[in-house]
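Novice: pasted the sequence and its predicted model underneath.
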Amino acid sequence: MLDEPRVVIVGAGPAGLVLAWLLHRARVPFVLVEQLTQAEVGTQPKAGIVEYRTVELLRREGMADAPGAPLRFDTENRRVEFRTPLTSHLFDYADLTGDRPHFVLPQHRLVAELAAALVIDGAPLHFSHRVVGIEAESPAVVVEGPDGGRRTLAPDVVVGTDGAASPVARAMADHVRTLDRRVPARWLVVATDTPPLVGHTIYGIHPHGYAAHLRRGPQETRFYLEVPATTGPDDWSHDTIRTELGHRLGMPGALDDRPLRSVDALDLRTRVTTPMQHGGLVLAGDAAHLITPAGGKGMNLAVADAVELAHGLIESHDGDDARLAAYSDTRLPAIWRAQAFSDWFLRILTARSADALEDESAAAFVHGTRETWVRALRDDAGMARWFAHSYAGVEPPAA
Ligand SMILES: Cc1cc2nc3c(=O)[nH]c(=O)nc-3n(C[C@H](O)[C@H](O)[C@H](O)COP(=O)(O)OP(=O)(O)OC[C@H]3O[C@@H](n4cnc5c(N)ncnc54)[C@H](O)[C@@H]3O)c2cc1C
């Protein structure tokens, strides 16, 4: 059963599990509650590209690539190719950043590995337990177990690592600002159990819309296809998706014999909650900020939030509250940098910006700017360097 903890973590995504791992190691009393079963959290396909700095952070914390560490990062992604109908540019961002590639590790595998390691070590993870009520001021949470029984917990701190629809964020809404924006674009998220077409990421910058080819593993590839927001997976046959992806990626016919495992719709959204804490309620990961997948930043921000927050909670447990009190101020500059880059990158990737939804001449104008940015990345060394550093996630030098 749930013991009376000092910290309650709501949600076992990347943010919640990294936080749990660090608190467990430091012997800070906590419980984690997750509405899904352990098997279900390890099957939610989302991110797959992990930044070099995130891997370095996890290695420094003893969570990756060491004896007994739960995570292994051994597959690099060093290059990205931009393809438009007029040009193609293979861009070696790892080279331009002094050897800082991404690593390929699907999020569901990262989550499954971390959850398994914690459960084996006896950490207090409670799957199939859902938070159904939160009292902001005490703070307190009402947790419903699999048998429908309810229990109220009154810890010092409730951490919302409960994702985009965060009940914890809703409970503090009157005390913080939530800056929210819907982006007028929908992507089909297409998963295949087939090997990647090439050994790097491809972004198709096409007048019909965006398409992407992303590695997820030796036998796993992810594709994105931008579609009008009025259509969904049921409006697109697998044959049409394969044809359109091949066309926009400049590889006609390349997907013809590939079965599609799943096709889901993703509506793009951005959000920043500021500050990310109020009294005993604290947010981390998607609960605090949503970012579109353009540039692959969301899970990386979630992990960085969790590590910073873990150190704040550990120091607070030892009697020093300063780092915990500064958590939101510490994290927000990096969150805004990622949002600014992703917002800019989305303008290159996506054909359907607000003014190009109906108007053909506006659409041609938008595509002209997309082509021009790709040529700038190819021809302008300063621009290429800035992009490589922002994309790879290299921190700017401290002021
Ligand atoms: C298609 C797609 C592709 C992406 N690609 C990338 C990428 O390449 N790189 C990258 O860095 N990011 C990427 N992202 C973003 C990344 O997946 C998210 O940023 C990441 O999942 C955030 O982790 P989190 O732990 O904050 O939240 P989540 O992973 O959403 O976890 C939240 C957890 O809280 C649980 N929960 C919610 N409510 C309750 C409740 N009431 N009680 C108990 N539990 C609850 C949920 O069940 C869930 O398990 C992508 C996202 C999508 C959708």
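Specialist: Yep, it's here.

Novice: CA only for contacts and neighbour counts going forward, please
Specialist: Fine.

Novice: what does this protein put close to the ligand?
Specialist: 10-16, 33-36, 41, 46-50, 130-132, 161-163, 166-167, 285-287, 293, 296-300, 302 (CA under 6 Å from any ligand atom).

Novice: please flag which of the residues you listed sit within strands.
Specialist: By the criterion of DSSP state E, membership of the residues of the chain next to the ligand in strands covers 10, 33, 49-50, 130-132.

Novice: buried ones in the helix with the most length in the chain, by neighbour count?
Specialist: Counting by DSSP state H, the longest helix found in the chain is helix 327-349. Within helix 327-349, the residues scored as buried using 16 or more other CA atoms under 10 Å are 327-328, 331-332, 334-335, 338-339, 341-343, 345-349.

Novice: re earlier: quick one, which of the residues of the chain next to the ligand are buried?
Specialist: By 16+ other CA under 10 Å, the residues of the chain next to the ligand give 10-16, 33-36, 41, 47-50, 130-131, 161-163, 166-167, 285-287, 293, 296-300, 302 as buried.

Novice: need the contact partners of stretch 258-266.
Specialist: Identification of contacts with stretch 258-266 by CA atoms under 8 Å, 6 or more residues apart in numbering yields 186-194, 232-233, 238.

Novice: my bad, should have said stretch 145-158
Specialist: For stretch 145-158, using CA under 8 Å, 6+ apart, the contacting residues are 4-10, 128-130, 138-144, 168, 280-282.

Novice: and it, which residues are buried?
Specialist: In stretch 145-158, counting by 16+ other CA under 10 Å, buried: 145, 152-155, 157-158.

Novice: run the chain-centre distance for it.
Specialist: Offset of stretch 145-158 from its chain centre (CA atoms, centre = their mean, to the nearest Å): 28 Å.

Novice: now it - C-alpha only, CSV.
Specialist: Provided in CSV are the C-alpha atoms of stretch 145-158 (Å, rounded to 0.1, in the frame of the first residue of the first chain):
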residue,chain,number,x,y,z
GLY,A,145,-6.4,2.2,-6.9
PRO,A,146,-7.3,-0.6,-9.3
ASP,A,147,-10.1,-1.8,-7.0
GLY,A,148,-11.7,1.7,-7.0
GLY,A,149,-10.6,2.4,-3.4
ARG,A,150,-9.4,5.9,-2.7
ARG,A,151,-6.7,7.2,-0.4
THR,A,152,-5.6,10.8,0.4
LEU,A,153,-1.9,11.5,0.6
ALA,A,154,-0.5,14.6,2.2
PRO,A,155,3.2,14.9,1.2
ASP,A,156,5.4,18.0,1.4
VAL,A,157,5.6,18.2,-2.4
VAL,A,158,3.5,16.9,-5.2
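
Novice: mean confidence for that stretch?
Specialist: Here stretch 145-158 scores 96 as its mean pLDDT.

Novice: tell me who's in contact with Ala112.
Specialist: Ala112 neighbours (CA under 8 Å, 6+ apart): 38-39, 41-43.

Novice: from the contacts of stretch 145-158, which land in helices?
Specialist: Per DSSP H, those map to helices at Val168.

Novice: show me which of the contacts of stretch 145-158 are buried.
Specialist: For the contacts of stretch 145-158, buried by 16+ other CA under 10 Å: 5-10, 128-130, 139-144, 168, 280-282.

Novice: per-residue confidence at Met353?
Specialist: Met isn't right for residue 353; it's Ser. On the pLDDT scale, Ser353 gets 63.

Novice: ah, wrong one, I meant Thr230
Specialist: At Thr230, pLDDT is 86.

Novice: list the contacts for it?
Specialist: By CA under 8 Å, 6+ apart, Thr230 has no neighbours at all.

Novice: isn't there a strand covering Gly312?
Specialist: No. Gly312: not assigned to a strand; according to DSSP: H, G, I helix; E, B strand; the rest coil it is helix.

Novice: how far away is it from Tyr210?
Specialist: 40 Å (CA to CA, to the nearest Å).

Novice: for the two, indicate the residue with more neighbours.
Specialist: The residue with more neighbours, out of Gly312 and Tyr210, is Tyr210; 24 against 20, by other CA atoms under 10 Å.

Novice: pretty sure the more buried one belongs to a strand, no?
Specialist: Yes. Judged by three-state DSSP, Tyr210 forms part of a strand.

Novice: how near is it to Met276?
Specialist: 33 Å.

Novice: likewise Gly42?
Specialist: 27 Å.

Novice: show me what contacts Glu137?
Specialist: Counting by CA under 8 Å, 6+ apart, Glu137 has contacts 279-280.

Novice: local confidence estimate at it?
Specialist: Looking at Glu137, the pLDDT reads 85.

Novice: gap between it and Met172?
Specialist: In terms of CA to CA, Glu137 sits 9 Å off from Met172.

Novice: and what of Leu324?
Specialist: 17 Å.

Novice: same question, Leu349
Specialist: 34 Å.

Novice: residues touching Gln219, list them.
Specialist: Gln219 neighbours (CA under 8 Å, 6+ apart): 193-196.
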